[in-house]
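Trainee: Here's a sequence, model it:
(2 chains)
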2 protein chains.
Amino acid sequence: MVSTLVKKAADPLGVFDSGLGGLTVVRAIAHTLPGEAMVYFGDTARLPYGNKSPRTVRRLSLEALKFLEHFEIKAWVVACNSASALALHVLTDEATVPVLGVVEAGARQAVAKTRNRRIGVIGTRATVASHCYPAALERLGDGFQVTSAACPLFVSLVEEGWVEHEVTRQVAAEYLEPVRRAGVDTLILGCTHYPLLKKVISDVMGNEVTLIDSGEALAADLLEQLTARGLLAPKRPVEHRFFVSDQSDRFQVEGQRFLGEAVIGRVEAVDQSDLPWYDRPSRTRGHREDA
Amino acid sequence: MVSTLVKKAADPLGVFDSGLGGLTVVRAIAHTLPGEAMVYFGDTARLPYGNKSPRTVRRLSLEALKFLEHFEIKAWVVACNSASALALHVLTDEATVPVLGVVEAGARQAVAKTRNRRIGVIGTRATVASHCYPAALERLGDGFQVTSAACPLFVSLVEEGWVEHEVTRQVAAEYLEPVRRAGVDTLILGCTHYPLLKKVISDVMGNEVTLIDSGEALAADLLEQLTARGLLAPKRPVEHRFFVSDQSDRFQVEGQRFLGEAVIGRVEAVDQSDLPWYDRPSRTRGHREDA
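Mentor: From the prediction side, this is the model:
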């Protein structure tokens, strides 16, 4: 990681997600670190990662890394829980800059907040099945009682815009029953979409339960790491760049919902063809890099 | 389409879908045409197609076509509504065998069944936005009053296994309100997942409304076309092959649910690396086809 020393504080952060959900992480970073410019890559052509195999998630994450490497980034943020859970080690090995994932960040903040050491984790089926949060919590200390619950419909409900719909309340009540019964005092929202359901989740769990937004936790970690490395950007007007692997109107419409109240003014969606996946044989034959 | 003449009746059918939903079409074909062997390709690594751009859906569909061409298939079934809607023309141009899509088949059967000429269409947001069913119905005759409703949560609810859950009833009641109010007597289930919700949908719509299962409609068309071309396989014990672009336990578990009561005994999921997408630059460099 010697090469990180030559990185300049003014260089942007790279933020990677399987789709639009990572924009909640962008929002959290913009709030905590307003001087940092970001280059966002959402792999909308191949989302969701939550039901893909570990091998495929690693392959896609490495492709995203290669794409973001074009932008002279000073640190890499893995906003996608599935990618953080399944590919963080591979990415850390390959990257020449620090790599931060939402899983470690969320786990660390949960440990700081819990009083009764009973921690709940909710996420996609893949995130829960990966046991990444229980493993991360175990690395941080002994004696935590962790209760997990997969909430597969939450992402669809957020994407449908039903963030306070009666149906969403019923689904939440059913999904959250195991973590409620376990008496957790801290609940990790282990999916980038879930911060949009904070109100419903909090209503079901009760005010006394602390909700951990992994994006906010990651922004706090990032502030600490960039400060320690002398890489913190000065406060300045910044412009972010947003790339998606599949152009669609949804980025414009839904993107703003994830970003929240005008933290960032404009969402620029750029269709790009820089992923190896787009190197179809006919094109590869046309201009071979090794010819 | 001269090359179709040399196709043998014993050759298999190729069935393509973005994931597992197309297995409801396999089930319908196996029921109507028990002698036909099928090679199924589910693009589970890149599902869902429903929120991808037309350009991307065409690209992925052509890759699926190229993959299935390895199997000497005598006809190609596009089980995916999004691919049928957005890529059928491109596929028909490229294929050397007949290509049948669920959209035309479903539209044709709806026209045969309706009495009041008010037809409803439900599907994913992409299928509804493509206006493929209204366009297909218009090609089949004048004066149909078509009412469409996007039901984005239905796929997630089926995949969650909540096919008769109270939440699903509420969601159905809300989604189906516009088609109910329009007084349709025929409703096209324009998504491969929806046949699993037939009971709930029928409860909401009422017994007097005919539900059109596009898979069953396609099987009827296929019987007609294969008979006309002398390509109908004799009744015989057959074995099907199932390929997915991303191996996962879900194919084994959920696949059987889509296939129904043991129409086909065994689901064999094979991880394959024959898609151009898997031709990553490093590999492509290793063994160039044009070297």
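Trainee: what helices or strands is the host helix or strand of A:H31 leaning on?
Mentor: Here A:H31, judged by DSSP states H and E, is contained in helix A:23-32. Packing contacts for helix A:23-32, counted by 3 or more C-beta pairs under 8 Å, 6 or more residues apart in numbering or on different chains; DSSP states H and E, involve strand A:13-17, strand A:38-42, helix A:214-228, helix A:249-259. C-beta here means a position set from N, CA and C on the backbone, and glycine is covered the same way.
Trainee: rank those by mean pLDDT and give me the bottom one.
Mentor: Comparing mean pLDDT across the helices and strands packed on helix A:23-32, the weakest is helix A:249-259, with a mean of 70.
Trainee: Run through the residues of the stretch 51-200 of chain A sitting next to chain B.
Mentor: Counting by C-beta under 8 Å from any C-beta of the partner chain, the residues of the stretch 51-200 of chain A close to chain B are A:51-53, A:56, A:59, A:152-153, A:155-157, A:159-160, A:166-167, A:170-171, A:174.
Trainee: In PyMOL, select just the buried ones from those residues.
Mentor: A single PyMOL command selects the buried members of these (16 or more other C-beta atoms under 10 Å in any protein chain shown):
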select buried, chain A and resi 51+52+53+56+59+152+153+155+156+157+159+160+167+170+171+174
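Trainee: Quick one: mark the members of the residues of the stretch 51-200 of chain A next to chain B that sit in helices.
Mentor: Within those, residues falling in helices by DSSP state H are A:56, A:59, A:153, A:155-157, A:159, A:166-167, A:170-171, A:174.
Trainee: Closest to B:I212 out of those?
Mentor: Taking C-beta to C-beta as the measure, A:S156 is the one of those closest to B:I212, at 24.7 Å.
Trainee: can you tell me which residues contact the closest one?
Mentor: Neighbouring residues of A:S156 by C-beta atoms under 8 Å, 6 or more residues apart in numbering or on different chains: B:152-153, B:155-156.
Trainee: coming back round to it: I'd like the average pLDDT over the helix holding A:H31.
Mentor: Averaging pLDDT along helix A:23-32 gives 92.
Trainee: picking that back up, ranking the helices and strands packed on helix A:23-32 by burial, who's on top?
Mentor: Comparing the helices and strands packed on helix A:23-32 by mean neighbour count (mean count of other C-beta atoms under 10 Å in any protein chain shown), strand A:13-17 comes out on top with a mean of 28.
Trainee: wait, does that one contact chain B?
Mentor: No: applying C-beta under 8 Å from any C-beta, one finds strand A:13-17 out of contact with chain B, separated by at least 15.1 Å.
Trainee: Quick one: work out the angle between that strand and helix A:23-32.
Mentor: When axes from the mean of the first three to the mean of the last three C-alpha atoms, to 10 degrees is applied, the directions of strand A:13-17 and helix A:23-32 differ by 150 degrees.
Trainee: Who are the packing partners of strand A:13-17?
Mentor: Applying 3+ C-beta pairs under 8 Å, 6+ apart, one finds that strand A:13-17 contacts helix A:23-32, strand A:38-42, helix A:54-68, strand A:75-78.
Trainee: Can you tell me which of those is nearest to B:L20?
Mentor: helix A:54-68 (16.0 Å).
Trainee: could I get that closest one in PDB with only the CA atoms?
Mentor: Extracted C-alpha coordinates of helix A:54-68, given in PDB (Å, rounded to 0.1, in the frame of the first residue of the first chain):
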ATOM      1  CA  PRO A  54     -19.700 -15.500  -4.400                       C
ATOM      2  CA  ARG A  55     -17.600 -16.200  -7.500                       C
ATOM      3  CA  THR A  56     -19.700 -14.000  -9.700                       C
ATOM      4  CA  VAL A  57     -19.800 -11.100  -7.100                       C
ATOM      5  CA  ARG A  58     -16.000 -11.200  -6.900                       C
ATOM      6  CA  ARG A  59     -15.700 -11.100 -10.700                       C
ATOM      7  CA  LEU A  60     -18.100  -8.200 -11.000                       C
ATOM      8  CA  SER A  61     -16.400  -6.300  -8.200                       C
ATOM      9  CA  LEU A  62     -13.000  -6.600  -9.800                       C
ATOM     10  CA  GLU A  63     -14.400  -5.200 -13.000                       C
ATOM     11  CA  ALA A  64     -15.800  -2.300 -11.100                       C
ATOM     12  CA  LEU A  65     -12.400  -1.700  -9.500                       C
ATOM     13  CA  LYS A  66     -10.700  -1.700 -12.900                       C
ATOM     14  CA  PHE A  67     -13.200   0.800 -14.100                       C
ATOM     15  CA  LEU A  68     -12.800   3.200 -11.200                       C
END
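Trainee: So which bits of it are buried?
Mentor: Under the neighbour-count criterion of 16+ other C-beta under 10 Å, helix A:54-68 has A:56-65, A:67-68 buried.
Trainee: and of these, the nearest to chain B?
Mentor: Lowest distance from chain B to those (C-beta to the nearest C-beta) belongs to A:T56, with 5.1 Å.
Trainee: In space, not sequence, find me the middle residue of chain A.
Mentor: The centroid of chain A falls nearest to A:A79 when counting by C-alpha atoms, centre = their mean (1.8 Å).
Trainee: Name the nearest residue to it, sequence neighbours excluded.
Mentor: If the residues on either side of it in the chain are set aside, A:A79 comes closest to A:G22, at 3.2 Å by C-beta to C-beta, 6 or more residues apart in numbering or on different chains.
Trainee: One more: A:T56?
Mentor: B:D246 (5.1 Å).
Trainee: can you check A:F71 too?
Mentor: In space, A:F71 comes closest to A:V39 once its chain neighbours are excluded; the distance is 4.6 Å by C-beta to C-beta, 6+ apart.
Trainee: Ok, A:C191 next?
Mentor: Excluding the flanking residues, the one nearest A:C191 by C-beta to C-beta, 6+ apart is A:G123, at 4.8 Å.
Trainee: Repeat that for A:L232.
Mentor: For A:L232, ignoring the flanking residues on the chain, the nearest one in space by C-beta to C-beta, 6+ apart is A:L226 at 4.4 Å.
Trainee: Show me what counts as buried in the helix holding A:H31.
Mentor: Neighbour-count burial for helix A:23-32 flags A:23-30, A:32 (criterion: 16+ other C-beta under 10 Å).
Trainee: How about the stretch 151-291 of chain A: which residue is closest to chain B?
Mentor: The stretch 151-291 of chain A approaches chain B most closely through A:S156 (3.9 Å), counting by C-beta to the nearest C-beta.
Trainee: Next one: that residue relative to B:I201, how far apart?
Mentor: Per C-beta to C-beta, to the nearest Å, A:S156 is found 18 Å from B:I201.
Trainee: can you give me phi and psi for the residue nearest to the centre of chain A?
Mentor: phi -80, psi -20 (degrees, to the nearest 10).
Trainee: Please verify my assumption that it contacts A:V25.
Mentor: Yes: A:A79 is within contact range of A:V25, at 3.9 Å (criterion: C-beta atoms under 8 Å).
Trainee: shared neighbours of these two, which are they?
Mentor: With contacts taken as C-beta under 8 Å, 6+ apart, A:A79 and A:V25 have A:15, A:17, A:102, A:192, A:215, A:218 as neighbours in common.
Trainee: So, low pLDDT: which residues of chain A?
Mentor: A:1-6, A:247-253, A:260-291 (pLDDT under 70).
Trainee: same thing but at 80, please
Mentor: Applying pLDDT under 80 to chain A flags the ranges A:1-7, A:45-48, A:50-53, A:246-291.
Trainee: is the closest residue to A:V77 other than its chain neighbours in a bridge, and if so with what?
Mentor: Once flanking residues are discounted, A:V77 sits nearest to A:V15: 4.6 Å by C-beta to C-beta, 6+ apart. A:V15 forms beta bridges with A:Y40, A:V77, as assigned by DSSP bridges.
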